[in-house]
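Novice: Just a sequence and a predicted model for now, questions to come.
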There are 2 protein chains.
Amino acid sequence: MTIAYDGTDFAGFQSQQSQRTVQGELERVLKKVTGESVIVYGAGRTDAGVHAKGQVVHFTSEAMIPLEKWVWVLNHMLPRDLAALVAEEVHESFHARYHACWKRYRYEIDTGRVPDVFTRRYRTRLAGELDILKMQEAAHHLLGTHDFTTLSSAKSTKKNRVRTLYQCDVESTATGVFITTAGDGFLYNMVRIMAGLLVQVGRGSLTPKQIPEIIASRDRGRIGKTLPPEGLTMVEVSYQPWE
Amino acid sequence: MTIAYDGTDFAGFQSQQSQRTVQGELERVLKKVTGESVIVYGAGRTDAGVHAKGQVVHFTSEAMIPLEKWVWVLNHMLPRDLAALVAEEVHESFHARYHACWKRYRYEIDTGRVPDVFTRRYRTRLAGELDILKMQEAAHHLLGTHDFTTLSSAKSTKKNRVRTLYQCDVESTATGVFITTAGDGFLYNMVRIMAGLLVQVGRGSLTPKQIPEIIASRDRGRIGKTLPPEGLTMVEVSYQPWE
């Protein structure tokens, strides 16, 4: 299933004892609907406060619900900050996380003259001008295959930190700056650290030309802080067409 | 000042004992900023849960804050669901409510195939198809000067219920239906009752041709229920150019 959620009031995707999580709410509703103790697997374990417009989950159920009814049935039971968008039948070997080819995330920054109260849950408010051309030049240096240790959280336990970015776009409008990135995988907090790095460039505290050397240094200490979760949305997960 | 707010977590505009209101939050922040006990007057006393993109308020202050700094100073102190947009100096006789020529409201309905988690705080979710052409025809009958008792809450204490509507537009997109209306004044709950009436037409339980007679009957009992507040936003308040 493809699902969407407003992450503001969730303690992240993954089930945690006595916390409200996306996985927990989905499993609670699936239990009511099917009578089965279903386990839900997500393509990405988004953090507390991070949103999704196109998270993908898989689960196994023997309930006799026609495929075209699943979305409707779940949306009648799910809380208002979590919705089912599309249901598809997949091969029993399908895994939402292991079989994902790439994922796309978007980081939205509210840079308007005044804060926007209506998008505040989905954008990070940063006052001051950002130099978009410099951010675009810096983003270009992040494309391709690199060891992204510089952009990984100190909490990351992954040994292999080589990832490939297919997209890293920076766009700007009158009210915001939007960073869209797609890759074969992202380390813990990587998109939020990357957005913070691009903001440093936009503010002039780093130059685009420094980026390749900073990435090559594999030193998380070289760059600034992780931006907050509210600006981040998981937009899309892509699979091979036969999956 | 022109202000915006997400009404979800406010018990309406007007100050009420021990409730969180827009007026209360503004007066609290103005007290901190100016040291004065300022009273804030709004163009419209929006209900609990109703939003504003262009509410206008006036107040008197002797604080030595330059006009161009007011918005910035207040936005640093205001909660994230309330923002100052524009500050203007006005004649001391100016009154945000009594001098308003007209106000514009918008009622947004989420009619998408699946509920939209990101606009759920600002749109009312109504499942099922709405006949937009019929709603537009019905809206046309509401334009002009009428006694709007039929569209006023039973709680309304106003004796004179004659109002003039300058605009009543119904638009539709793939995900929603939007009703925009402007008038010289609106009775208590009038926009939400009007939106409910147009939805009845859109669903076929009333025909557009019945509208003139229903309005003329001045009988609130002739039509359905008031739609919930979350779909309603005060969009604009207009004054004479010399005010």
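Specialist: Perfect, thanks for sending it.
Novice: Apart from its chain neighbours, what residue comes closest to A:Gln136?
Specialist: Counting by C-beta to C-beta, 6 or more residues apart in numbering or on different chains, A:Gln136 lies nearest to A:Val170, which is 4.8 Å off, once chain neighbours are set aside. In this view, the C-beta of every residue, glycine as well, is placed from N, C-alpha and C.
Novice: Correction: the previous question concerned A:Ser61.
Specialist: According to C-beta to C-beta, 6+ apart, the nearest residue to A:Ser61 is A:Thr34 (5.1 Å).
Novice: now do A:Leu165
Specialist: Leaving aside its sequence neighbours, A:Leu165 sits nearest to A:Gly183 (C-beta to C-beta, 6+ apart; 4.3 Å).
Novice: How about A:Thr149?
Specialist: A:Arg218 is the one closest to A:Thr149 (C-beta to C-beta, 6+ apart), at 3.8 Å.
Novice: same check, this time on A:Ala63
Specialist: Counting by C-beta to C-beta, 6+ apart, A:Ala63 lies nearest to A:Thr34, which is 3.9 Å off, once chain neighbours are set aside.
Novice: contacting residues around that neighbour?
Specialist: Contact partners of A:Thr34, counting by C-beta atoms under 8 Å, 6 or more residues apart in numbering or on different chains, are A:Ser61, A:Glu62, A:Ala63, A:Ile65.
Novice: just these now: which is nearest B:Thr164?
Specialist: Distances from B:Thr164 to the contacts of A:Thr34, taken as C-beta to C-beta, are shortest for A:Ile65 (52.5 Å).
Novice: where along chain A do the strands fall?
Specialist: For chain A, the strands defined by DSSP state E cover A:2-5, A:41-42, A:51-58, A:82-86, A:102-110, A:124-125, A:144-147, A:162-172, A:176-183, A:232-238.
Novice: May I see those strands organised as JSON lines, with distance to B:Val235 added?
Specialist: Shown next, in JSON lines, are the strands of chain A (distance: least, C-beta to C-beta, whole Å):
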{"stretch": "strand A:2-5", "distance to B:Val235": "27"}
{"stretch": "strand A:41-42", "distance to B:Val235": "38"}
{"stretch": "strand A:51-58", "distance to B:Val235": "26"}
{"stretch": "strand A:82-86", "distance to B:Val235": "27"}
{"stretch": "strand A:102-110", "distance to B:Val235": "20"}
{"stretch": "strand A:124-125", "distance to B:Val235": "23"}
{"stretch": "strand A:144-147", "distance to B:Val235": "46"}
{"stretch": "strand A:162-172", "distance to B:Val235": "26"}
{"stretch": "strand A:176-183", "distance to B:Val235": "21"}
{"stretch": "strand A:232-238", "distance to B:Val235": "27"}
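Novice: Could you list the contact residues of chain A toward chain B?
Specialist: Within chain A, the positions near chain B by C-beta under 8 Å from any C-beta of the partner chain are A:4-6, A:51, A:53, A:71, A:75, A:80-85, A:114-118, A:120, A:122.
Novice: Which among those count as buried?
Specialist: A:4-6, A:51, A:53, A:71, A:75, A:81-85, A:114-118, A:120, A:122 (16 or more other C-beta atoms under 10 Å in any protein chain shown).
Novice: How about the backbone phi and psi for the residue of chain A positioned farthest from its centre?
Specialist: For chain A, the largest distance from the centre (C-alpha atoms, centre = their mean) belongs to A:Met64, which lies 32.5 Å off. Dihedral pair for A:Met64: phi -90, psi 50, per degrees, to the nearest 10.
Novice: Then A:Pro66?
Specialist: Dihedral angles (degrees, to the nearest 10) for A:Pro66: phi -60, psi 150.
Novice: That one: neighbour count?
Specialist: 8 (other C-beta atoms under 10 Å in any protein chain shown).
Novice: can you list the domains in chain A?
Specialist: Chain A breaks down by automatic domain parsing into domains covering A:2-86, A:102-238.
Novice: So for the shortest one, mean pLDDT?
Specialist: Throughout domain A:2-86, pLDDT has a mean value of 96.
Novice: how far away is A:Ala216 from chain B?
Specialist: Distance, A:Ala216 to chain B, by C-beta to the nearest C-beta, to the nearest Å: 38 Å.
Novice: quick one: average confidence on stretch A:161-173?
Specialist: Stretch A:161-173 comes out at a mean pLDDT of 96.
Novice: cool, and stretch A:135-142?
Specialist: 98.
Novice: now do stretch A:215-231
Specialist: Stretch A:215-231 carries an average pLDDT of 93.
Novice: In it, which residues are buried?
Specialist: A:Ile215, A:Arg220, A:Ile223, A:Thr226, A:Leu227, A:Pro229, A:Glu230, A:Gly231.
Novice: I figured the third one was touching A:Ile214, is that so?
Specialist: Yes - counting by C-beta atoms under 8 Å, A:Ile223 sits close enough to A:Ile214 to count as a contact (6.4 Å).
Novice: Common neighbours of those two, please.
Specialist: A:Thr150, A:Leu197, A:Leu206.
Novice: ok, how many other residues are close to the closest residue to the last one other than its chain neighbours?
Specialist: So the one you mean is A:Leu206. Leaving aside its sequence neighbours, A:Leu206 sits nearest to A:Gln200 (C-beta to C-beta, 6+ apart; 4.6 Å). When counting by other C-beta under 10 Å, one arrives at 19 neighbours for A:Gln200.
Novice: now do A:Val170
Specialist: A:Val170: 25 surrounding residues under other C-beta under 10 Å.
Novice: Report the contact partners of it.
Specialist: Counted by C-beta under 8 Å, 6+ apart, A:Val170 has contacts A:Ile132, A:Met135, A:Gln136, A:Ala139, A:Val177, A:Phe178, A:Ile179, A:Leu198.
Novice: beta partners for it?
Specialist: As for beta bridges, A:Val170 partners with A:Ile179 under DSSP bridges.
Novice: what's the spacing between it and chain B?
Specialist: As judged by C-beta to the nearest C-beta, A:Val170 and chain B stand 22 Å apart.
Novice: ok so, going back, from the shared contacts of A:Ile223 and A:Ile214, pick the one nearest chain B.
Specialist: A:Leu197 (25.4 Å; C-beta to the nearest C-beta).
Novice: hey, where'd the helices end up in chain A?
Specialist: Assigned by DSSP state H, chain A shows helices spanning A:22-34, A:70-77, A:132-142, A:190-202, A:211-217.
Novice: picking up where we left off before, how close does the residue nearest to A:Ser61 sit to chain B?
Specialist: 20 Å.
Novice: What of A:Gln23?
Specialist: In terms of C-beta to the nearest C-beta, A:Gln23 sits 16 Å off from chain B.
Novice: How much space separates the residue nearest to that residue when sequence neighbours are not counted from A:Arg28?
Specialist: When the adjacent residues along the chain are set aside, A:Gln23 lies closest to A:Ser15, with 4.5 Å between them (C-beta to C-beta, 6+ apart). The spacing between A:Ser15 and A:Arg28, counted by C-beta to C-beta, to the nearest Å, is 10 Å.
Novice: Ok, which of the helices of chain A comes nearest B:Gly24?
Specialist: The nearest among those, by C-beta to C-beta, is helix A:22-34 at 33.6 Å.
Novice: just to revisit the earlier point, rebuild the contacts of A:Thr34 as JSON lines, extending it with neighbour count.
Specialist: Listed next are these as JSON lines, based on neighbours: other C-beta atoms under 10 Å in any protein chain shown:
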{"residue": "A:Ser61", "neighbour count": "13"}
{"residue": "A:Glu62", "neighbour count": "8"}
{"residue": "A:Ala63", "neighbour count": "12"}
{"residue": "A:Ile65", "neighbour count": "14"}
